[in-house]
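Novice: Provided below for reference: sequence and predicted model.
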Amino acid sequence: MSFCKYSAANIYFDSTLAENYISSVALYEPLFYDKSLACDAMEVVLGNKQCIFFDPKNLFGIKIGDSKLKDIFLKQNKYQYCRQFLAESGRLYQR
């Protein structure tokens, strides 16, 4: 096996030239520990309003998609608690 460098930007971003900074983060059912956290799913919204959704409950590992994956995830799981954070100057603030 040899090592290689790969960028997934062309797969996940609508435009690689757009402002792809993080605007907000939403954690579904978060559990906070001393120096780490765990959650059932995570949604990242970029400055250009693109949604990137992470679903670690997928049978084959972490699934990454857009708002369509989020809609499917929310239909399959009934969540009561979602904690949102806003990104500002490189830091996350609770909404």
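Specialist: Cool, the structure landed. If you're wondering where the values come from, they're calculated on a predicted model, not measured in any experiment.

Novice: quick check: bridge partners of the residue nearest to residue 67 when sequence neighbours are not counted?
Specialist: Distance criterion CB to CB, 6 or more residues apart in numbering; nearest residue to residue 67, sequence neighbours excluded, is residue 51 at 4.4 Å. Placement of C-beta: from N, CA and C, glycine included. The partner list for residue 51 in beta bridges (DSSP bridges) reads residue 45.

Novice: residue 51: neighbouring residues, count only.
Specialist: Applying other CB atoms under 10 Å, we find 16 other residues in the vicinity of residue 51.

Novice: which residues touch it?
Specialist: With contacts defined as CB atoms under 8 Å, 6 or more residues apart in numbering, residue 51 is in contact with 43-45, 66-67, 70.

Novice: give me that answer again for 6 Å
Specialist: 45, 66-67 (CB atoms under 6 Å, 6 or more residues apart in numbering).

Novice: mind putting these in CSV, distance to residue 55, pLDDT and neighbour count included?
Specialist: Below are these laid out as CSV (distance: CB to CB, whole Å; pLDDT from 0 to 100; neighbours: other CB atoms under 10 Å):
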residue, distance to residue 55, pLDDT, neighbour count
45, 16, 87, 19
66, 11, 87, 13
67, 12, 88, 14
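
Novice: out of these, who's nearest residue 34?
Specialist: Distances from these to residue 34 were compared by CB to CB; the smallest belongs to residue 45, at 27.7 Å.
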